[in-house]
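Q: just need the structure, nothing else, for what follows:
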Amino acid sequence: MYMATGHEFLSHPADIQVAVWAPTLEGLFKETGITLARVIVPGPKIKLAREIEVITEADDLKALLVDWLSDFLYHFDAELFVVGDIDVKSIEKNDEGMYRITSMLKGETFKKGHHKQGKEVKAITYSYMTLDKEENGGYRLTIIFDI
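A: Numbers count the residues shown, from 1 in each chain. The predicted structure follows:
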């Protein structure tokens, strides 16, 4: 059941469309978050000087991903927090059918002149989003970042 984690940028006329894959749901969320982080701030290497815990709940996995990535954008917009790594601790479904992700964003405050500004991502969209479990047990996602 081995499946590598990765992503590729797909052609889109106006926004950024990405295909992401991973052997686990946690890995898929992490890879998607890191991909979003590199779109916003492509480099150089970001120091892991600070951590922000992000816990998000939603009715289904697509909503969970969109809401979680939106929380992620909030921390960049409101606090200029640049993500260098993500620890997805768990993704669980409770007895009421709600999904919950517990994660830790690791990074530092954006510094003009040190960090390169990438694309401004305005929102995460449900348009053309697919989230599938593969036959090999892994996960595959297609998502659009609205710029």
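Q: which helix or which strand is home to Thr35?
A: Here Thr35, judged by DSSP states H and E, is contained in helix 25-40.
Q: go ahead and confirm Leu64 touches Tyr99.
A: Yes - if you go by C-beta atoms under 8 Å, Leu64 and Tyr99 touch, sitting 4.5 Å apart. Yep, even glycine has a C-beta here, placed from its N, CA and C like the rest.
Q: intersection of neighbour lists for these two?
A: Residues touching both Leu64 and Tyr99 (C-beta atoms under 8 Å, 6 or more residues apart in numbering) are Glu57, Ala58, Ile91.
Q: report the beta-bridge partner residues of the second one.
A: For Ala58, the beta-bridge assignment (DSSP bridges) gives partners Tyr99.
Q: just give me the neighbour total for it.
A: 16 (other C-beta atoms under 10 Å).
Q: now for it: which residues touch it?
A: Taking C-beta under 8 Å, 6+ apart as the test, what Ala58 contacts is Leu64, Val66, Asp67, Met98, Tyr99.
Q: those: which two are farthest apart?
A: The distance between the two most remote of those (C-beta to C-beta) is 14.7 Å, for Val66 and Met98.
Q: and the two? which has more neighbours close in?
A: Per other C-beta under 10 Å, whichever of Val66 and Met98 has more neighbours is Val66, with 19 against 14.
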